[in-house]
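> Structure for the following, please:
(one chain, ligands or ions: 2)
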Amino acid sequence: MSDWAVRVSDVSKRFRLYHERNQSLKSAILRGRTSKHEDFWALKDISFDVIEGHTHGLIGSNGSGKSTLLKCLAKIYWPTSGTIEYRGRMASLLEVGSGFHLELSGRENIYLNGSILGMSKKEIDSKFDEIVDFSGVERFLDQPVKNYSSGMYVRLGFSIAINVDPDILVVDEVLSVGDEEFQRKSFQKFLEFKKRGKTVILVTHTMPVVEDICDTVTWINNGEMMQTGPAADVVKKYQSSID
Ligand SMILES: Nc1ncnc2c1ncn2[C@@H]1O[C@H](COP(=O)(O)OP(=O)(O)OP(=O)(O)O)[C@@H](O)[C@H]1O
Ligand SMILES: [Mg+2]
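Ligands and ions are numbered 1, 2, ... in the order given. Coordinates of the predicted model:
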């Protein structure tokens, strides 16, 4: 048996899509507690292992369920059924808007995020300069992050996530918001991370990146797992499906 760092077992996620949203308060009261909804399964029975030290990609067309799965992995959503197990400390960087407290400054968010990710104040103090340095947002550190540009936001988020030194890093394609220099820097960080035997789970639409840095890949389509396995095989199948 190989050593997994993350084990996804039969994960399904249902959303309830409510209709008649724009009804008046009166009609809502008259209707009572019943409201019409439709079940929508964004993920259906997804299972795969991510081996410790591997970089694992999640690919698939828009709306296929990649971010939903990533949010389940980052413990932002709870799967409707199925389980996700981890071996080690997990940190995540999801789409812009999740993870930061918008009214707080960059500095405050570093401490808040660090402590959520399990670091002591002393630990954060010792890494503070490095986090700020890598993010490049030093001048704006005491501004509320709601005033940050999306690139600045992602730079700070990535810088925190990578510096808390997790064993497992979960990243949505937000990194593509960063400029070229930052993309190069973060790519370099991934490689360093990998060299140190850490595990990465990554969503991206950029197939050359997948082929470059992913060992294994899971392809999802309409919430269903199409294929999981070695990166080159899965990418090839995925690409031939869209040609
Ligand atoms: N909170 C929610 N409530 C209802 N439906 C949702 C919710 N979050 C996601 N969905 C639906 O789940 C499906 C999968 O969305 P998801 O964001 O996971 O796709 P994705 O694979 O990340 O797509 P993209 O490549 O565009 O980022 C979509 O149909 C979306 O509308
Ligand atoms: Mg997405």
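
> Asn147: neighbour count?
12 (other Cβ atoms under 10 Å). In short, each C-beta sits where N, CA and C put it, glycine included.

> so what's it up against?
Applying Cβ atoms under 8 Å, 6 or more residues apart in numbering to Asn147 gives the contacts Phe140.

> Now the closest residue to Val170 other than its chain neighbours. Its backbone dihedrals?
In this structure, Val170 finds its nearest non-sequential neighbour in Ser92, 4.0 Å apart by Cβ to Cβ, 6 or more residues apart in numbering. Dihedral angles of Ser92 (phi, psi; degrees, to the nearest 10) stand at phi -130, psi 150.

> quick one: Ser92 and Val174 touch, right?
No: counting by Cβ atoms under 8 Å, Val174 is not a contact partner of Ser92; they are 10.5 Å apart.

> ok, which residues in this structure are in contact with ligand 1?
Taking Cβ under 6 Å from any ligand atom as the contact definition, the chain meets ligand 1 at Phe15, Phe40, Ala42, Gly60, Asn62, Gly63, Ser64, Gly65, Lys66, Ser67, Thr68.

> Which ones among the residues you listed map onto strands?
Mapping the residues of the chain next to ligand 1 onto strands (DSSP state E) picks out Phe15, Phe40, Ala42.

> Do you know the pLDDT at the second one?
I take that to be Phe40. We have a pLDDT of 96 for Phe40.

> check contacts around Ser159.
For Ser159, the contact set (Cβ under 8 Å, 6+ apart) comprises Ile131, Val132, Phe134, Ser135.

> Need the max-distance pair from those residues.
By the measure Cβ to Cβ, Val132 and Phe134 form the most distant pair in the contacts of Ser159, at 7.5 Å.

> so how many other residues sit close to the nearest residue to Ala74 once chain neighbours are set aside?
Among residues not flanking Ala74 along the chain, Ser92 sits closest, at 3.7 Å (Cβ to Cβ, 6+ apart). Close neighbours of Ser92, defined as other Cβ under 10 Å, add up to 22.

> what residues are up against Ser92?
Ser92 neighbours (Cβ under 8 Å, 6+ apart): Leu70, Leu73, Ala74, Gly99, Ala161, Leu169, Val170, Val171.

> of the residues of the chain next to ligand 1, buried ones?
Among the residues of the chain next to ligand 1, the ones that count as buried by 16 or more other Cβ atoms under 10 Å are Ala42, Gly60, Ser64, Gly65, Lys66, Ser67, Thr68.

> so which one among those residues has the lowest pLDDT?
Among these, Ser67 has the weakest pLDDT, 92.

> these two touch, right, that one and Val170?
No: between Ser67 and Val170 there is no contact under Cβ under 8 Å: 10.9 Å.

> so what sits against both of these two?
The contact lists of Ser67 and Val170 share Leu94, where a contact means Cβ under 8 Å, 6+ apart.

> Please save the CA atoms from the helix or strand bottoming out on mean pLDDT in the chain in CSV.
None of the helices or strands of the chain scores lower by mean pLDDT, DSSP states H and E than helix 25-31, at a mean of 73. What follows is helix 25-31, C-alpha atoms only, in CSV (Å, rounded to 0.1, in the frame of the first residue of the first chain):
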residue,chain,number,x,y,z
LEU,A,25,-42.9,38.6,2.2
LYS,A,26,-46.7,38.2,2.3
SER,A,27,-46.8,35.3,-0.1
ALA,A,28,-43.8,33.7,1.6
ILE,A,29,-45.7,33.8,4.9
LEU,A,30,-48.9,32.5,3.4
ARG,A,31,-47.0,29.7,1.8
